[in-house]
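S.K.: Provide a 3D model corresponding to the input given below.
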Amino acid sequence: MAAVQQQQAMQKNTLYVGGLADEVNESILHAAFIPFGDIKDVKTPLDQANQKHRSFGFVTFLEREDASAAMDNMDGAELYGRVLTVNYALPEKIKGGEQGWAAHPLWADADTWFERQQQEKEMIKIQAENKAAMETAEELHRKKLAEDRQGETEMEEDTDVKDDPIARAEADALNHDKA
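M.R.: From the prediction side, this is the model:
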């Protein structure tokens, strides 16, 4: 817990400096921010592909007030022809959780990975079963509607024949011809 509080306190002292020109290195960044107070650390993360900084850096002051003064004065300032963006740095997010991947053996995630894979397969199976059940229910519903319509049509025909003497005579003649 104390480490988290220390990290949060440290973040108030650390500034993100964006918009750095290619010519700017850690020494130049240090020189630009030293007028505001004692600096503990300056970092410019490198792009692994070309080994140049990624146009931003971090400046950590010993005192919060110095960091605040530097941010107030340097945000929007120009350095080597580029306008700087200066804000409090966000806390570092360590990949792999609070302790990071390096703190865990490679196979530590294997069980949870396997469980997630099984859950995904089960979910796909359930979704397929639900889809099949819905299609079956829709098909049964369509058949029932068709049967109901067929029954209504037959009843109408029977009613028409019984009520209409000419239709009854025609139906009798058709039935007599078939027999």
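
S.K.: contacts and neighbour counts: CA atoms only from here.
M.R.: Noted.

S.K.: for the closest residue to Val59 other than its chain neighbours, which three-state class applies?
M.R.: Nearest residue to Val59, sequence neighbours excluded (C-alpha to C-alpha, 6 or more residues apart in numbering): Val42, at 4.6 Å. In three-state terms, and counting by DSSP: H, G, I helix; E, B strand; the rest coil, Val42 is strand.

S.K.: surely Val42 and Ala31 touch.
M.R.: No - if you go by C-alpha atoms under 8 Å, Val42 and Ala31 don't touch, sitting 10.2 Å apart.

S.K.: the more surrounded of these two?
M.R.: The neighbour comparison of Val42 against Ala31 (other C-alpha atoms under 10 Å) goes to Val42, with 20 against 10.

S.K.: can you name every helix or strand that whichever helix in the chain runs longest contacts?
M.R.: When the chain is parsed with DSSP state H, its longest helix is helix 110-163. Judged by 3 or more C-alpha pairs under 8 Å, 6 or more residues apart in numbering; DSSP states H and E, helix 110-163 is in contact with helix 165-178.

S.K.: the helix it packs on: how far from the chain's middle?
M.R.: Centroid separation for helix 165-178 versus its chain: 72 Å, with C-alpha atoms, centre = their mean, to the nearest Å.

S.K.: residues of it that come out buried?
M.R.: By neighbour count on 16 or more other C-alpha atoms under 10 Å, the buried set for helix 165-178 is Arg168.

S.K.: quick one: mean pLDDT over it.
M.R.: Mean pLDDT, helix 165-178: 73.

S.K.: what angle do helix 110-163 and it make with each other?
M.R.: Interaxial angle, helix 165-178 versus helix 110-163 (axes from the mean of the first three to the mean of the last three C-alpha atoms, to 10 degrees): 110 degrees.

S.K.: output stretch 58-66 as PDB - backbone C-alpha positions only.
M.R.: Extracted in PDB, the C-alpha atoms of stretch 58-66 (Å, rounded to 0.1, in the frame of the first residue of the first chain):
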ATOM      1  CA  PHE A  58       9.100  12.800 -18.600                       C
ATOM      2  CA  VAL A  59      10.700  15.200 -16.200                       C
ATOM      3  CA  THR A  60      10.500  14.400 -12.500                       C
ATOM      4  CA  PHE A  61      11.100  17.100  -9.900                       C
ATOM      5  CA  LEU A  62      12.000  16.700  -6.300                       C
ATOM      6  CA  GLU A  63       9.200  19.100  -5.200                       C
ATOM      7  CA  ARG A  64       5.600  19.200  -6.300                       C
ATOM      8  CA  GLU A  65       5.600  23.000  -6.300                       C
ATOM      9  CA  ASP A  66       8.500  23.000  -8.800                       C
END
